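1. Got a sequence here, can you build the structure:
(one chain, ligands or ions: 1)
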Amino acid sequence: MKSFSTKVLAILLIVPAFLYAAETMISDSPAGASAYIVSPKDGDTVGQNVTVIFGLRGMGVAPAGLNKAKTGHHHLIVDGNHLPASDKPMGKEVMHFGGGQTEKTLKLSKGTHTLQLMLGNYLHIPHNPPVMSEKITVTVK
Ligand SMILES: [Cu+2]
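-> Reported below is the predicted structural model:
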């Protein structure tokens, strides 16, 4: 009987701890926080080397790995067809700026491209609610 109750106790302790850990991997974003692309502007015609400047309102930029409230690091989605999953770390479908960078010079092919920012927390997971920019379209000549 002792080993049974020990197992039950272990499960009672471990399961909530696990659920708690999963829940806290997602960081809350403050009301009104938003990301935006400072440059280029939606509809701009740009050269093949285009510097994308990232903007963030209501939160701060922190490097990946640093768990600090109301912060995150930028992710850039180039020509994305869908948004990253909201409950797990973003992968190679986005460009990560885990050093806390706020701009990136891209070399794009000629034609139209879309750009969108998505903030991620210290584990690269989108915030709740997600902090992202409008998706803009640029024409590369
Ligand atoms: Cu990341």
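2. mind listing the helices for the chain?
-> Ranges of helices within the chain are 2-24, based on DSSP state H.
3. what stretches of the chain score poorly on pLDDT?
-> Across the chain, the ranges flagged by pLDDT under 70 are 1-23.
4. and it, which residues reach the ion?
-> 96, 98, 120, 124 (Cβ under 5 Å from the ion). All C-beta spots, glycine's among them, are computed from the backbone N, C-alpha and C.
5. Count the neighbours of residue 56 for me.
-> When counting by other Cβ atoms under 10 Å, one arrives at 21 neighbours for residue 56.
6. Strands of this structure, start to end?
-> With DSSP state E as the definition, the chain shows strands at residue ranges 34-39, 45-46, 49-57, 60-61, 71-78, 95-96, 103-107, 111-120, 136-140.
7. Residue 51 reaches residue 102, doesn't it?
-> No: using Cβ atoms under 8 Å as the test, residue 51 is too far from residue 102 to be in contact (11.0 Å).
8. re earlier: which of the strands of the chain is buried the deepest?
-> strand 71-78 (a mean of 22; mean count of other Cβ atoms under 10 Å).
9. What is that strand packed up against?
-> strand 49-57, strand 60-61, strand 95-96, strand 111-120 (3 or more Cβ pairs under 8 Å, 6 or more residues apart in numbering; DSSP states H and E).
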